[in-house]
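Visitor: Give me a 3D structure for the following:
(chains A and B)
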Amino acid sequence: MKATVKRFAVAAAAVMTLAALVSGCGNSSQGSGNSNAGATSGGSNTAASSSGTASGQSAADFFKGKTMQLIVPYGPGGGYDQWARLIAPYLQKNLGLKQVQVVNAPGGGGLVGTNQIYAAKPDGLTIGDTNAGGDVFDQMVGANGMTFDVTKMTWLARPDDDPHVIAVHPTGQYKSFADLEKAKQPIKGLATGKGSSDYNAAVITYNAFHIPFNMVAAFSGSSDEKAAFLRGDGDTTSLSASDVAQAGDKAKVVVLQSDQPFDKLPNVPTVVDLAQQAGLSQDTVNALKAMTNIMDLGHAFIAPPGIPADRVQAIEDAMQKSLQDPAFVASAQKAHLYIGYLPGSQLTQMVQQAMSNTALVKPLLNDKK
Amino acid sequence: MLHQLVLGFGSLFTPSGMLMIVLGSLLGTFVGAIPGLGGAVLMTMLLPFIYGMPVIPALCLLLAAHSGIYFSGSVTAILLNTPGAPESAATTFDGYAMTRQGKAKRALGISAVSTTIGGWIGVALLLVVIPFMFQLIKLFQPSEYLLLAILAIVLIGQMRSGSMTKGLLSGLFGLMISFVGYDPITGVQRFTFHQLALYNGFNITAVALGIFAFAEMFHLYSLKKGRAEAANIKLSAKTPGAGVLDGMKDVFSHPWLTIRSAILGTLLGVVPGIGGVAANFISYGQAMKTSKHPEKFGTGIPEGIIAPESSSISKEAGNLVPTVALGVPGGVGMAVLMSGFTILGIVPGPSMLKSNLDAVFAMAFVIAIGSLLSSAMGLAIVPLLARISRVPSTILVPFIFALAALGSFAADQSMGQVLAVFAFGIVGLLMKRFNYSVPAAMIGFILGSVAEQNLYLTQQLFGLSMFKRPLTDLMILIILFVVFNPYLQRFRRTSVKAKEEITA
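Guide: This next block holds a predicted model:
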């Protein structure tokens, strides 16, 4: 028996040594960009800023040959994943990186991944492609499990012009927005997950128009939600225009959750237009405008707070350059992704403004009857 | 339609297409033997290479790599009781038992042939349903998914453990483990104790390696007869009836089981989330349930290898259905494949059945060819591989420990998961010691999130009207039958006995 214990101890020690070695290698090969390496509490990150600039190293030198992690808070195959994977090689090229690793971290309506991005080391080597609108809404309602602050986050760029929409089954009970307005029974509205932007946008719209509703939301991403809708689940689905376009003729868009008309869906009214036509109160119209402002944040690219300014600039420049690359434009078109660049500074402004509208929007976020 | 089929088939036979299939199969065969590095991990590693590649060769590379892991994953399951991927976990039961009887080559022969045949049957089925994919998908709704998950847990709960109670408790334990991490509906953390390593829950590779491989290795190491047993294997390996050919014959003498398991695997593959790793357990469970001698399962009989092996690749063919028809991945590997689609500019979903139909057919053929290639390559080196079983446990066990620690780290890049492997190893050892069902715990873990999500969706979408769905009701009846059948049988037996007593 003693011999067994001894042998076992030796084996265990060997394994532990090996595992420690492995974990060491893993970290160094990623340029210590392991997303778990950061702080556990969100707020403390801002203090630990600009460690790289002190050494006098330029941003271009810093990125050269390193590995960047691009975290997608949703499963593979969805809209965020698509953007991340399409843009990754171009970011790599334009920043001189060795590799851009796309990491999927689904769960909690995007909270899992976004928490991870926020808690990452603020060196510019961990960025994310997130549902910015969802994050803003989460903060408005003080969502459970949220450990980030959208007003402190580094906003890098928005790559797309892809408004959120509400679509119905073309052969279903409700064929237009007017049908929804007349609904007597609660309609079943699909959305990815509680707290995601598509969830909240739908809730705000239905509340504003006094449409009775039940939200159905437990999907790991837009592809899951789209699949459930295509399968025949629910009455409406809340998705982005490009997602609905991929569904072909099996989904019909009835309203744009945007302030602006959209050239690819010329005959679809915006929710603000519809509110004015329906004669809703000015407060409600303003709340809907605030909502569309949040939704227009799109598939925003973010990073943890406290990244040295020159590195942020370098990433922003690389992002813009990537979006103009003809090869990128061609592949985006092929994948039904609509390019529409907005710089980080503008996103920061939109987020500040959105948060200041909290009191207006919050009463309409109630999904309990 | 036929034109697209021919086009898809023809497109594989280009130099680049064939090269990629061979390369992918080779990579898959190699990587599958490393515990923890399954097809999904391998495909993720290959994704950066397909940027700029034409569509068909890129798909050839990804899918051949993905189907290549199955045979070599089973090789480690059979020889070392360490599944190369969670997909091969059920193969350990009878495969490893055969190895210990000195029939390693025979077990490998069974595995290679049944994997290939299963793959081909799955692909044949897939070719038939491709035109009706969309309709097929619409048949299944969240209430059916939920009940399928429950059925699997109940079915496996009865397997390899004498007591139904212990089996169900094991399944529940697995369910609880799956709840660790963020709640998918509200985003609240559960059982994470504010440990960042637990935020995303336990990794499936870590759990599978822990409760299967580590538990067995702990056990093996504690055996004083370790060396004697190894010597014993060496001797008996020379006895007749241990060759690869005998294994092949075994498969052909159970044609119905092979076909049935492959069909089951394909069908389970069609159900997103459930198909993946659960298929081999469920297939093993049904083989045992329908067998005339269920008590022999786990002692090293061919049926116990044929069933899980035949369903393992066929479920990949099934996995393609939701992936292509709806754009929702059928399993982890398919999710990565969908990322590959993005890179290649293919839009999965109903439109793919119109615009890329030839690619869909091509993918089906790649699975078939890939499984054949990797099995053939694997079989060629079986005599070499079989020697692994003669390595004394004092050398083997630490090596497997190290390999599994490495694999679990590679799967999630997190030290926490390596510790989880050790923890689950101890749990698995205790479960074995006290006759709790390890497979049931594993199935509970795999299907926990599926059950949870679909319970929520069912409640939101149908409420009590789920009972108005005929398919749902049928499945409830099946579950009730599976649960109460042992009691019914006991009742029948006692009543027969009572009758006999009366007549006597």
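Visitor: what number of residues lie near the residue nearest to A:Leu190 when sequence neighbours are not counted?
Guide: Nearest residue to A:Leu190, sequence neighbours excluded (Cβ to Cβ, 6 or more residues apart in numbering or on different chains): A:Gly234, at 3.9 Å. The C-beta positions use only the backbone N, C-alpha and C, and glycine is treated the same way. The local packing of A:Gly234 (other Cβ atoms under 10 Å in any protein chain shown) involves 25 other residues.
Visitor: Give me the pLDDT value at A:Gly234.
Guide: Model confidence at A:Gly234, given as pLDDT, is 91.
Visitor: Can you name the helix or strand that it falls in?
Guide: Using DSSP states H and E, A:Gly234 maps to neither a helix nor a strand.
Visitor: Settle this for me: it is touching A:Asn214, isn't it.
Guide: No: applying Cβ atoms under 8 Å as the test, A:Gly234 and A:Asn214 come out as separate, 9.2 Å apart.
Visitor: Look up phi and psi at A:Tyr341.
Guide: Note on A:Tyr341: backbone dihedrals following degrees, to the nearest 10 are phi -70, psi 140.
Visitor: Show the contacting residues for it.
Guide: With contacts defined as Cβ atoms under 8 Å, 6 or more residues apart in numbering or on different chains, A:Tyr341 is in contact with A:Ala157, A:Arg158, A:Pro159, A:Met319, A:Gln320, A:Leu323.
Visitor: got it, and A:Ile204?
Guide: Contacts here follow Cβ under 8 Å, 6+ apart; on that basis A:Ile204 touches A:Ala287, A:Leu288, A:Met291, A:Val361, A:Leu364, A:Leu365.
Visitor: out of these, who has the most neighbours?
Guide: Neighbour counts for those (other Cβ under 10 Å) peak at A:Met291, which has 31 neighbours.
Visitor: where does the stretch 201-350 of chain B have low pLDDT?
Guide: For the stretch 201-350 of chain B, applying pLDDT under 70 flags the ranges B:223-242, B:273-276.
Visitor: Which helix or strand contains the closest residue to chain B within the stretch 151-300 of chain A?
Guide: The nearest approach of the stretch 151-300 of chain A to chain B comes at A:Ala227, 3.5 Å away (Cβ to the nearest Cβ). A:Ala227 belongs to helix A:222-231 when assigned by DSSP H and E.
Visitor: Kindly report the same for B:Val75.
Guide: In this structure, B:Val75 sits in helix B:55-80 according to DSSP H and E.
Visitor: So which elements touch whichever helix or strand comes after that helix?
Guide: Of the helices and strands lying after helix B:55-80 in sequence (DSSP H and E), the nearest is helix B:91-100. Counting contacts by 3 or more Cβ pairs under 8 Å, 6 or more residues apart in numbering or on different chains; DSSP states H and E, helix B:91-100 packs against helix B:55-80, helix B:104-129, helix B:226-236, helix B:303-325.
Visitor: quick one: which of the ones you listed is nearest chain A?
Guide: Of the helices and strands packed on helix B:91-100, nearest to chain A by Cβ to the nearest Cβ is helix B:303-325, at 6.9 Å.
Visitor: Run the contact check for that closest one versus chain A.
Guide: Yes: judged by Cβ under 8 Å from any Cβ of the partner chain, helix B:303-325 and chain A are in contact via B:Pro322.
Visitor: Return that helix as CSV; C-alpha atoms alone will do.
Guide: The C-alpha trace of helix B:303-325 is given here as CSV (Å, rounded to 0.1, in the frame of the first residue of the first chain):
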residue,chain,number,x,y,z
GLU,B,303,-22.0,-5.5,-29.7
GLY,B,304,-20.7,-3.1,-27.1
ILE,B,305,-18.2,-1.6,-29.6
ILE,B,306,-20.3,-1.9,-32.7
ALA,B,307,-23.2,0.2,-31.4
PRO,B,308,-21.3,3.3,-30.2
GLU,B,309,-18.8,3.2,-33.1
SER,B,310,-21.4,2.9,-35.8
SER,B,311,-23.3,5.9,-34.5
SER,B,312,-20.3,8.1,-34.0
ILE,B,313,-19.6,9.3,-37.5
SER,B,314,-23.2,8.8,-38.8
LYS,B,315,-24.3,11.4,-36.3
GLU,B,316,-21.9,13.9,-38.1
ALA,B,317,-23.9,13.3,-41.3
GLY,B,318,-27.0,14.0,-39.3
ASN,B,319,-25.4,17.1,-37.7
LEU,B,320,-25.1,18.6,-41.2
VAL,B,321,-28.9,18.8,-41.5
PRO,B,322,-29.7,21.6,-39.0
THR,B,323,-26.3,23.2,-39.9
VAL,B,324,-27.2,23.5,-43.5
ALA,B,325,-31.0,23.8,-43.4
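Visitor: can you give me the angle that helix makes with helix B:91-100?
Guide: Relative orientation of helix B:303-325 versus helix B:91-100 (axes from the mean of the first three to the mean of the last three Cα atoms, to 10 degrees): 150 degrees.
Visitor: on that earlier part again, tell me how far the residue nearest to A:Leu190 lies from B:Thr290.
Guide: According to Cβ to Cβ, to the nearest Å, A:Gly234 stands 38 Å off from B:Thr290.
Visitor: Check A:Ala218 too.
Guide: Applying Cβ to Cβ, the value for A:Ala218 to B:Thr290 is 35 Å.
Visitor: same question, A:Gln349
Guide: Distance, A:Gln349 to B:Thr290, using Cβ to Cβ: 66 Å.
Visitor: Report all helices and strands that the helix or strand following the helix holding A:Ala227 contacts.
Guide: Next in sequence after helix A:222-231, counting helices and strands by DSSP H and E, comes strand A:236-240. Packing partners of strand A:236-240 (3+ Cβ pairs under 8 Å, 6+ apart): strand A:164-168, strand A:187-190, helix A:197-208, helix A:222-231.
Visitor: quick one on the thing from earlier: tell me which of A:Ala218 and B:Thr290 has more neighbours.
Guide: A:Ala218 (27 against 13).
Visitor: What is the neighbour count of B:Leu169?
Guide: For B:Leu169, using other Cβ under 10 Å, the count is 19.
Visitor: hang on, I meant B:Leu419
Guide: B:Leu419 has 17 neighbours, counted by other Cβ under 10 Å.
Visitor: same deal with A:Asn267?
Guide: Applying other Cβ under 10 Å, we find 6 residues neighbouring A:Asn267.
Visitor: Quick check: it is in a helix.
Guide: No: counting by DSSP: H, G, I helix; E, B strand; the rest coil, A:Asn267 is not part of a helix but coil.
Visitor: On the pLDDT front, check it for me.
Guide: pLDDT, A:Asn267: 90.
Visitor: Please report how far it lies from A:Phe301.
Guide: Counting by Cβ to Cβ - A:Asn267 and A:Phe301 are separated by 32 Å.
Visitor: B:Leu136 now?
Guide: Taking Cβ to Cβ as the measure, B:Leu136 falls 38 Å from A:Phe301.
Visitor: Looking at those two, which has the bigger crowd around it?
Guide: Higher neighbour count among B:Leu136 and A:Phe301: A:Phe301, with 27 against 16, using other Cβ under 10 Å.
Visitor: any idea which element that one lies in?
Guide: Element membership of A:Phe301, judged by DSSP H and E, is strand A:299-303.
Visitor: Show me which residues of the next helix or strand after that strand are buried.
Guide: Following strand A:299-303 in sequence order, the next helix or strand is helix A:309-324 (DSSP H and E). Using 16 or more other Cβ atoms under 10 Å in any protein chain shown as the test for burial, helix A:309-324 gives A:Asp310, A:Arg311, A:Val312, A:Ala314, A:Ile315, A:Glu316, A:Ala318, A:Met319, A:Ser322, A:Leu323.
Visitor: How about stretch B:390-406?
Guide: Neighbour-count burial for stretch B:390-406, counted by 16+ other Cβ under 10 Å, picks out B:Ser393, B:Leu396, B:Val397, B:Pro398, B:Phe399, B:Ile400, B:Phe401, B:Ala402, B:Leu403, B:Ala404, B:Ala405, B:Leu406.
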